[in-house]
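J.: predicted model follows, preceded by the sequence.
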Amino acid sequence: MIVMKFGGTSVGNLEKMKHAARIVLKEYINGNSPLVVVSAMEKETDRLVSLVDTLTKENCPERDLIISTGETVSTGLFALTLNKIAKEEFSKQIQALALTSLQAGIEGSGPAGEGNIDSINDTKLHALINEGIIPVLPGFQCLKSTQLITLGRGGSDTSAVVIGALLNAKRVYIYTDVDGVYNVDPRVHSDAIKYDRLEIEELIKLTESGAKVVHPKAAMFAKDRNVPLTIKSTFFPENAGTEILASGVIQ
Ligand code: ADP
Ligand code: ASP
Ligand code: MG
């Protein structure tokens, strides 16, 4: 199985979701069993944070409950989009299933707003995948006992990498709004150079110096657990992207 994570801009509206769904369905038809992790729709988390901020600046349980809903909405919309596009464009009865953190058993620890995923219901998810179902899971959140907590802004990348490790995925694909990892932000520097391949240590350095394309925690976890990682564009999926390699591989 493979994990395919789509960020906020990639699921920013229903048209963009259709685009992302086609990428997932092509992988499915090619025989790779995808599990999808989604972010909230573009700007949705900002909107939810502002709403909470008008009432309290505190890090209370309600804050995490409210700001995590963007991802939950995305799972439902994305699963419905997958089913619709499969039928209309691929003439296939493919079943996608949106799951909440509770249903997928995404459990974790740590303070609210800075949680870490520790485990997942792998038996259930593997069973769904073996039945040919495409699970669609929310990024950015986990259950700490009975309380929903979030992982920190940009945390859906970490969700994808950790879930990939826990389910023994062949590869984790981070789909985003640029072609891959560049030496500098390609939206700021028109002469930015894209890496086709990049060692994990170099990715960690870039993310720690603020390259938002992958969350630093996700990069660190990918290194610690040897998770094969590729960063690709949702809008130009035919472009090569950046393949992340183990340290010491590139001469
Ligand atoms: P997503 O919504 O998919 O999680 P993000 O906005 O978090 O996407 O990250 C993608 C953005 O990261 C790009 O639009 C780009 O502007 C920015 N970025 C910053 N530094 C880099 C870099 N070195 N390489 C690629 N993108 C970068
Ligand atoms: N939706 C969350 C955020 O905007 C998490 C993510 O997209 O990675 O921070
Ligand atoms: Mg991001």
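T.: Received it, and whenever you're ready, just let me know what you need. What you see is a predicted model; the values in this text were computed from it and never measured. Residues are numbered from 1 along each chain as shown. Ligands and ions are numbered 1, 2, ... in the order given.

J.: from here on, contacts and neighbour counts on C-alpha atoms
T.: Noted.

J.: where do the strands of the protein begin and end?
T.: All strands of the chain, identified by DSSP state E, fall at 2-6, 34-38, 96-98, 107-109, 116-119, 134-138, 141-144, 147-150, 171-176, 197-199, 229-233, 242-245.

J.: check whether the fifth one contacts ligand 2.
T.: Pointing back at strand 116-119 there. No - counting by Cα under 6 Å from any ligand atom, ligand 2 is not contacted by strand 116-119; separation bottoms out at 13.2 Å.

J.: what's next to that strand, contact-wise?
T.: Taking contacts as Cα atoms under 8 Å, 6 or more residues apart in numbering, the residues outside strand 116-119 that touch it are Gly105, Ile106, Glu107, Gly108, Ser109, Gly110, Gln141, Cys142, Leu151, Ser159, Val162, Leu166.

J.: of these, which is the nearest to ligand 1?
T.: Proximity of the contacts of strand 116-119 to ligand 1, judged by Cα to the nearest ligand atom, is greatest for Ser159, which lies at 11.5 Å.

J.: for Asn32, give me its contacts.
T.: Asn32 is in contact with Met1, Ile2, counting by Cα under 8 Å, 6+ apart.

J.: what are the phi and psi values for it?
T.: phi -90, psi 140 (degrees, to the nearest 10).

J.: now do the closest residue to Val178 other than its chain neighbours, the pLDDT please.
T.: Spatial nearest neighbour of Val178, excluding adjacent residues (Cα to Cα, 6 or more residues apart in numbering): Ser233 at 5.3 Å. Taken from the predicted model, the pLDDT recorded for Ser233 is 97.

J.: quick check: Ser233 vs Gly241, distance?
T.: From Ser233 over to Gly241 the distance is 7 Å, taken as Cα to Cα, to the nearest Å.

J.: which residues are in contact with both of those two?
T.: Listed contacts common to Ser233 and Gly241 are Asp179, Gly180; contacts here mean Cα under 8 Å, 6+ apart.

J.: which positions in the stretch 51-200 of the chain make contact with ligand 1?
T.: Applying the criterion Cα under 6 Å from any ligand atom, the portion of the stretch 51-200 of the chain that neighbours ligand 1 consists of Gly154, Thr176, Asp177, Val178, Gly180, Val181, Tyr182, Asn183, Val184, Asp185, Pro186, Arg187.
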